[in-house]
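Asker: dropping a prediction and its sequence here:
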Amino acid sequence: MLNIMLIAVIIFLLIALILLFLRLQKLQRNNLEEEHERSTEEEIFFAISLPIAFKKEHQWYYNKAFKIAFAELLKPTFEALETLPRNGSTLLELMYDNNIQKATLIHSSNFFNRHNTEVFMYALNDVETLHKRKTLLLKQKEQCELALESCDEALWDWDTKSDTLFYSTKWKKIMGYDANDEEPHTLNAWLNMVDAKDMARVNEALRKHLDGNSHFFCIEHRLRNSEPVRWTMVRGKAIVGAQNQAIRMIGTVRDITKEKLKEMKENTKQLRFSAFVENVPFLGFIKNTQGHYIYANASFQKFVGFKSWHHRNDTLLFDPPTAEKLTEIERLCRYEGLCTHQIELPNSESVPIPFELHTFIIDEANEKLLCGLYINKSFK
């Protein structure tokens, strides 16, 4: 009986030893796999060319790229990293090992490893070149806006694909938007400010340019609901892509209200003068250097019987003796400065009428024009 019990104990111990052996083998295999996995992770970590560091239990670890970048400056670099948020991206000026301060974009995050230990990781990206380019672009943009500001021009830049526009602060001011307003960023921000009377012209000119039917876009229009009326001049040039379609359009806008008011005053003044000349009872005319009539007022046209006069000379309007006298009068005015003459002109019924002719020369577009005014002597 005792022997049987001993055999049973021995068998139990053998089974326990076998199970323990198998368990130890499994643990050893897991440890080897874990060590292999850890070894692979470490190889990847150290091989990455991007400077990376992490902090675990008050101890810092970093890869080769981090060591090369900061070398003797590891301690101040770690101190700078510890001031950053646990998660997020931060642009920071860091001193590198070559004593050059560079703009660095730092991505930070925290996580818990398999042992439930919190780890803080930092990946650093040298963006000094990009930062310099951005700074240069911003400086150039400011210079461009200052240059445009000095000549009262405002800048706009339209991405036609996304229908997003950049409008300068000056543009917003001209168009009546608040300088700090972030809302205007589409084409409609401009079109909504075009007066209804000018909308068709603006759309037609814009479509014509985008279709490649004009070299430049240039349009003048009134601003909607402006009191008093304000005018702007919008100019631009489309940039064509590979598909021969406009992908971008850049231009300027200028407030031309003062110029338009001056122009309208000049036009009004000109219309008044024209109306006066057209209605005086004197015969008024203008000839070019070839002796052809380029203007005749209503009284002159009525006197010659409403003949076709434009770009015709005296030989086609009057009899030969009268035409010869008028040619001599023109010569005397142009070359001898004699500007007052006595002459008889036959009317449409061939009745000679005595006139006092006053002539003078005006310069226009490199051409000396002869102007004249016949005053009927019977009026004196």
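Answerer: All right, it came through fine.

Asker: per-residue confidence averaged over the helix or strand A65 falls within?
Answerer: Assigned by DSSP states H and E, A65 belongs to helix 64-70. Model confidence over helix 64-70, given as mean pLDDT, is 90.

Asker: what are the buried residues along it?
Answerer: A65, F66, A69, F70 (16 or more other CB atoms under 10 Å). Placement of C-beta: from N, CA and C, glycine included.

Asker: with stretch 299-316 instead?
Answerer: S299, F300, Q301, F303, V304, W309, N313, D314.

Asker: pick out the most distant pair among those.
Answerer: S299 and N313 (19.6 Å; CB to CB).

Asker: count of residues packed around the closest residue to L223 other than its chain neighbours?
Answerer: Spatial nearest neighbour of L223, chain neighbours left out: R230 (4.6 Å); criterion: CB to CB, 6 or more residues apart in numbering. Neighbourhood size, R230 [other CB atoms under 10 Å]: 21.

Asker: any idea of the pLDDT on R230?
Answerer: Looking at R230, its pLDDT is 93.

Asker: now do the contacts for it.
Answerer: Shown in contact with R230 (CB atoms under 8 Å, 6 or more residues apart in numbering): R222, L223, D255, T257.

Asker: nearest to L191 among these?
Answerer: Closest to L191, out of all of the contacts of R230 and judged by CB to CB, is L223, at 11.7 Å.

Asker: on that earlier part again, how about the residue nearest to L223, phi and psi?
Answerer: Per-residue torsions, R230: phi -120, psi 140 (degrees, to the nearest 10).

Asker: look up how far M199 lies from it.
Answerer: 16 Å (CB to CB, to the nearest Å).

Asker: next one: K260
Answerer: Computed as CB to CB, the K260 to M199 distance reads 18 Å.

Asker: low-confidence ranges in the stretch 251-380 of the chain?
Answerer: Within the stretch 251-380 of the chain, the set of residues satisfying pLDDT under 70 comprises 379-380.

Asker: now the helices for it?
Answerer: Ranges of helices in the stretch 251-380 of the chain, per DSSP state H, counting those that start in this stretch, are 257-279, 298-303, 320-331.

Asker: mind giving me the packing neighbours of the shortest one?
Answerer: Using 3 or more CB pairs under 8 Å, 6 or more residues apart in numbering; DSSP states H and E as the contact criterion, the elements in contact with helix 298-303 are strand 283-287.
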